[in-house]
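Student: only the shape, not the letters, is given here:
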C-alpha cells in the first residue's frame, strides 16, 4: 500500500492566487456546489477533473477553508503535541442518523433478536464471527469452519492462530459484562491480557505498556513504515487521557457517542501502547463504548467482518488522518460507513435465516415436534452430513445450561434424527447420511 500524498500547504496555495476573479471563484465553490459532497483527501481529489478555469489546488483550498471553520480539537495529541481535530459534515450526520435508527433503540430491530427464545443463538453467532474476523485482520490463518468447530465443541486450540481466535471470543463475552464499568487503565490492561493470552513471544508483555526498549512501528512486510507511535515514556499519561475521553469527561463540548467510540478505537491504535494485540484491543474498546452508550444491538454485530473485506481502506483511513493536519474526520467517515454496513448485513442475515426456517417448516411438518434449538440444529445438519455434535457444542451454540442441551440431543437421538455414539468417555451425536429421508418419513407419519 502506498502512503497517500500529503496535501499542499495553504500558504503555498494562497501565494498562487494572484488573480482576484479566480480567488472569488474559489471562495464561491462551497456555495455553488463546486466541491465534492464526499470527505475527500487530497490524494484522491487531485486525480479528479476540476471545473473549467480552476485547478485541483483551487478545489483543495476551497475545501480546506470550508473545513477549518468546522474543525474542533479533541484531547488526543500527536507525537509533537499538535491536537487531532474533528468535524461532523453532512455525510457523517447522515450515517449517524442511520446508525441511531438501526442500532440505538427498538425500531426496526429484527424480531429474532428481541425474542428471548432465539436471541442467544444470534448472540453466539456474532461473537464467533467477530472473534474470527478480528483475528484474521491481524494475520490469523485458521479457516472459519475450523474456528467455529473449536469454539462450539470447546476443544483446546492447536496453534497460535486458533488461540488468538479463542481469546477474542472470550474477550467479546467479557466486554458484554464490562460495559457497566467506567474505562480505566486497569480495564484496558485486562482486555489486552485476554486478547493476547498464550500468543505473545514474551508472555510478560500481556497487560502492561511496552517499555522503552520495545519501541514499535506500523509497517508492511517490505519494511515500509506507515506509523511510528509515541514513545513509551508518554504512554501512561496518554492512556489516562484516553480513559477520561472514553468516559465522557472530556472535552467540554458534546461528541456523539458513536463518534466517541470510533475515536477511542483510533486513539489506542495510534498510541500503540502494547508490544502486540493493539488492533484487537482497539476494536474491543470500540465495542465497550458502543454497548456502554446503549447501542445494545452491537452485541450482535461484527465490524471486523466488514473491515476484513477492505483492509486497505481501513489502513488508509488512518493515513489520511495523519497526513492532513490530524483531521480525524477521515477515520470517522470510514468507520461510520463500516458500522452502518455491519448493521445492514445483520438485518439481511436474520431475514435470510428467518426465510430459510419458514421454508423448512413449511416443507417438513414434522418440525413442529421440535423446539427452536432443535430446528436450528436440523437446518444445520441438513447442510452438514456426518457432522458431529456434542452436548457442550449445542450448549455453547444456544447459550443454554448443560441439562437443556443434553435433553435436546437425546430427544433427537430417540426420534432418529441424530445417532448417539461413544467416543471414549464422551457422548457424541452424528448426522446420519439419510437425514432428509428420515425427516420426510417423519413428515409422512405426521400427515397420517
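Tutor: Yes, it's here. It should be emphasised that the depicted structure is a prediction, and the values quoted were computed from it without experimental measurement.
Student: geometric centre of the chain: which residue is closest?
Tutor: When Cα atoms, centre = their mean is applied to the chain, the residue found nearest the centroid is residue 303 (2.3 Å).
Student: the nearest residue in space to it that is not next to it in sequence: which element?
Tutor: Excluding the flanking residues, the one nearest residue 303 by Cβ to Cβ, 6 or more residues apart in numbering is residue 342, at 5.1 Å. Using the backbone N, CA and C atoms, a C-beta is placed for each residue, glycine as well. Element membership of residue 342, judged by DSSP states H and E, is helix 329-363.
Student: check which helices and strands that helix sits against.
Tutor: In this structure, helix 329-363 makes packing contacts with strand 83-86, helix 90-103, helix 111-114, helix 257-271, helix 304-307, helix 311-323, helix 372-383, judged by 3 or more Cβ pairs under 8 Å, 6 or more residues apart in numbering; DSSP states H and E.
Student: hey, where'd the helices end up in the stretch 51-200 of the chain?
Tutor: For the stretch 51-200 of the chain, the helices defined by DSSP state H, counting those that start in this stretch cover 56-68, 90-103, 111-114, 119-137, 144-153, 160-178, 185-196.
Student: can you redo those as TSV with mean neighbour count?
Tutor: Formatted as TSV, those follow (neighbours: other Cβ atoms under 10 Å):
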stretch	mean neighbour count
helix 56-68	19
helix 90-103	17
helix 111-114	14
helix 119-137	22
helix 144-153	17
helix 160-178	21
helix 185-196	20
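Student: turn the ones you listed into CSV, including mean pLDDT and distance to residue 411.
Tutor: Output for these, formatted as CSV (pLDDT from 0 to 100; distance: least, Cβ to Cβ, whole Å):
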stretch, mean pLDDT, distance to residue 411
helix 56-68, 90, 63
helix 90-103, 83, 37
helix 111-114, 61, 23
helix 119-137, 81, 18
helix 144-153, 86, 19
helix 160-178, 93, 28
helix 185-196, 98, 36
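Student: now distance to residue 39 too, for those, in TSV please.
Tutor: Below are these laid out as TSV (distance: least, Cβ to Cβ, whole Å):
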stretch	distance to residue 39
helix 56-68	9
helix 90-103	6
helix 111-114	32
helix 119-137	24
helix 144-153	33
helix 160-178	30
helix 185-196	30
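Student: wait, which of those is closest to residue 245?
Tutor: helix 185-196 (12.4 Å; Cβ to Cβ).
Student: which strands or helices does the closest one pack on?
Tutor: helix 160-178, helix 235-246, helix 278-292.
Student: related to what we said a few turns ago, could you dump the helices and strands packed on helix 329-363 into JSON lines and include distance to residue 68?
Tutor: Shown next, in JSON lines, are these (distance: least, Cβ to Cβ, whole Å):
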{"stretch": "strand 83-86", "distance to residue 68": "9"}
{"stretch": "helix 90-103", "distance to residue 68": "17"}
{"stretch": "helix 111-114", "distance to residue 68": "43"}
{"stretch": "helix 257-271", "distance to residue 68": "19"}
{"stretch": "helix 304-307", "distance to residue 68": "30"}
{"stretch": "helix 311-323", "distance to residue 68": "16"}
{"stretch": "helix 372-383", "distance to residue 68": "54"}
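Student: run a quick neighbour tally on residue 393.
Tutor: By the criterion of other Cβ atoms under 10 Å, residue 393 has 23 neighbours.
Student: wait, the residue nearest to residue 303 touches residue 301, no?
Tutor: Yes. With contact defined as Cβ atoms under 8 Å, residue 342 reaches residue 301; the gap is 4.8 Å.
Student: ok so residue 274 is a helix residue?
Tutor: No. Counting by DSSP: H, G, I helix; E, B strand; the rest coil, residue 274 is not part of a helix but coil.
Student: that one and residue 214 touch, don't they?
Tutor: No. Look at residue 274 against residue 214 with Cβ under 8 Å: they stay out of range, at 9.2 Å.
Student: quick check: neighbours shared by those two?
Tutor: Residues touching both residue 274 and residue 214 (Cβ atoms under 8 Å, 6 or more residues apart in numbering) are residue 205.
Student: please identify which of the two sits among more neighbours.
Tutor: residue 274 (26 against 13).
Student: residues touching that one, list them.
Tutor: Neighbours of residue 274 in contact, by Cβ under 8 Å, 6+ apart: 192, 196, 205, 208-210, 281.
Student: kindly indicate which of those residues lies nearest residue 225.
Tutor: Lowest distance from residue 225 to the contacts of residue 274 (Cβ to Cβ) belongs to residue 210, with 16.5 Å.
Student: and the gap between the nearest residue to the closest one once chain neighbours are set aside and residue 163?
Tutor: Excluding the flanking residues, the one nearest residue 210 by Cβ to Cβ, 6+ apart is residue 275, at 4.9 Å. Per Cβ to Cβ, to the nearest Å, residue 275 is found 16 Å from residue 163.
Student: and for residue 85?
Tutor: In terms of Cβ to Cβ, residue 85 sits 39 Å off from residue 163.
Student: cool, and residue 315?
Tutor: With Cβ to Cβ as the criterion, residue 315 and residue 163 are 25 Å apart.
Student: go on, residue 210?
Tutor: Counting by Cβ to Cβ, the gap from residue 210 to residue 163 is 21 Å.
Student: equivalent analysis for residue 26, please.
Tutor: Look at residue 26 and residue 163: by Cβ to Cβ, they are 56 Å apart.
Student: list the residues that contact the nearest residue to residue 192 once chain neighbours are set aside.
Tutor: Residue nearest to residue 192 in three dimensions, not counting chain neighbours: residue 281, with 5.0 Å by Cβ to Cβ, 6+ apart. Residue 281 makes contact with 188, 191-192, 195, 268, 274, according to Cβ under 8 Å, 6+ apart.
Student: and what of residue 410?
Tutor: Applying Cβ under 8 Å, 6+ apart to residue 410 gives the contacts residue 420.
Student: start at 595, not 1
Tutor: Renumbered: residue one is now 595, and that last one reads residue 1004.
Student: helix, strand or coil for it?
Tutor: Following three-state DSSP, we place residue 1004 in the helix state.
Student: and the pLDDT for it?
Tutor: Note for residue 1004: predicted pLDDT of 97.
Student: please report the distance of the closest residue to residue 689 other than its chain neighbours from residue 686.
Tutor: Distances taken as Cβ to Cβ, 6+ apart place residue 930 nearest to residue 689, at 3.8 Å, with adjacent residues excluded. Note on residue 930: its distance to residue 686, by Cβ to Cβ, is 6 Å.
Student: repeat that for residue 877.
Tutor: Residue 877 is 20 Å from residue 686, by Cβ to Cβ.
Student: name the nearest residue to residue 671, ignoring sequence neighbours.
Tutor: residue 677 (5.1 Å).
Student: so who does the one you found touch?
Tutor: Per Cβ under 8 Å, 6+ apart, neighbours of residue 677: 667-671, 920.
Student: for stretch 974-985, buried residues please.
Tutor: Judged by neighbour count (16 or more other Cβ atoms under 10 Å), stretch 974-985 contains these buried residues: 975, 981, 983-985.
Student: done for today, thanks.
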